[in-house]
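> predicted model and sequence below, questions to follow.
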Amino acid sequence: MLIRAGIEQQAWLLAATALAVGLLTLFSMTKIWTRAFWPARAIIHPPLQPIDCAELRWPLYVPLVLLVTLSLVMGLLPQAALDVAFTAADQLLDPTEYIRVVSGEGS
């Protein structure tokens, strides 16, 4: 959204900065992921022993499926999340409705 807004407003420096920050973040997170999850096991860890946990495996898929589904929905249909965000931003910028509800006026 930042890159699109930067291009639409012809703010080329903003768009280029957003792209550069995104690429640097991707690079650093890839480096962290590689070192955290794919270390040289012979050096850092002793050989792993297999654990029989077949009965515990299915509950692990529930949060995985929920998070993947939520990520796909937010990525493919971002308008719903944007509507909530814009509504929250409007309420933060103009708190009169919040003050009215909290103070009990009009109920």
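Received the coordinates, thanks. Numbering: from 1, shown residues only.
> closest to the centroid, which residue in the chain?
Computing the C-alpha centroid of the chain and ranking residues by CA atoms, centre = their mean puts residue 71 first, at 8.0 Å.
> in terms of helix, strand or coil, where does it fall?
When states are read from DSSP: H, G, I helix; E, B strand; the rest coil, the local structure at residue 71 comes out as helix.
> how distant is stretch 64-73 from the center of its chain?
Taking CA atoms, centre = their mean, to the nearest Å, one finds stretch 64-73 lying 11 Å from the centre of the chain it belongs to.
> average pLDDT for it, rounded please.
Looking at stretch 64-73 alone, the average pLDDT works out to 91.
> got the contact list for that stretch?
residue 80 (CB atoms under 8 Å, 6 or more residues apart in numbering). Backbone N, C-alpha and C define where each C-beta goes, glycine included.
> if we use 10 Å, what do you get?
Taking contacts as CB atoms under 10 Å, 6 or more residues apart in numbering, the residues outside stretch 64-73 that touch it are 61, 80-81.
> outline the domain layout of the chain.
Taking automatic domain parsing as the domain assignment, the ranges for the chain are 1-43, 65-107.
> in this protein, which spans are helices?
Counting by DSSP state H, the segments of the chain that form helices are 2-8, 12-37, 41-44, 57-76, 78-93, 96-103.
> adding pLDDT, write the contacts of stretch 64-73 out as JSON lines.
As requested, the contacts of stretch 64-73 are exported to JSON lines (pLDDT from 0 to 100):
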{"residue": "61", "pLDDT": "84"}
{"residue": "80", "pLDDT": "87"}
{"residue": "81", "pLDDT": "85"}
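> can you pick the most crowded of these?
Of the contacts of stretch 64-73, residue 81 is surrounded by the most neighbours, 13 neighbours in total, counting by other CB atoms under 10 Å.
> quick one: residues contacting residue 75.
For residue 75, the residues meeting the contact criterion (CB under 10 Å, 6+ apart) are residue 81.
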